[in-house]
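Colleague: need a 3D model of the following:
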Amino acid sequence: MTPEQRQQTLQSTVATVLGIPAASVNDDTSPDTVPGWDSVKHLNLVMALEDAFGTSFTPEETMDLTSVKLMRLILEQKGA
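Modeller: Okay, the predicted model is just below:
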């Protein structure tokens, strides 16, 4: 997966789970900037990312997925 494909998949996954426009998803998108991003949505987002990228996250990584930028960095580290 190219970096562009990874970013597009990440944006569309986040947008779908959180019910926001994909165009509004950027590195700063986080629970602080998206109303309704609660613990349940967070877990749904983690599961959707695992599905979309064919990977799994440790409990520590799950807690670190607090912004799109951090999601991208963790996915890059995993080679996803």
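
Colleague: can you give me the helices in this protein?
Modeller: 3-18, 39-53, 59-64, 68-78 (DSSP state H).

Colleague: which ones are touching the spatially closest residue to residue 72 that is not a sequence neighbour?
Modeller: With Cβ to Cβ, 6 or more residues apart in numbering as the criterion, residue 72 has its nearest non-adjacent residue at 6.0 Å, and that residue is residue 10. Where C-beta positions appear, they are placed from N, C-alpha and C, glycine not excepted. Residue 10 makes contact with 25, 49, 52, 68, 71-72, 75, according to Cβ atoms under 8 Å, 6 or more residues apart in numbering.

Colleague: which pLDDT value goes with residue 10?
Modeller: Here, the pLDDT recorded for residue 10 equals 97.

Colleague: and if you look at residue 42?
Modeller: 97.

Colleague: quick one: it and residue 36 touch, right?
Modeller: No - applying Cβ atoms under 8 Å as the test, residue 42 and residue 36 come out as separate, 10.8 Å apart.

Colleague: for this protein, give me the ranges with low pLDDT.
Modeller: For the chain, no stretch has pLDDT under 70.

Colleague: let's see 80
Modeller: By pLDDT under 80, the weakly predicted segments of the chain are 1.

Colleague: before we move on, the earlier item: with neighbour numbers in mind, choose between residue 42 and residue 36.
Modeller: Comparing residue 42 with residue 36 by neighbour count (other Cβ atoms under 10 Å), the higher total belongs to residue 42, at 17 against 10.

Colleague: and the more buried one, how close does it get to residue 51?
Modeller: 15 Å (Cβ to Cβ, to the nearest Å).
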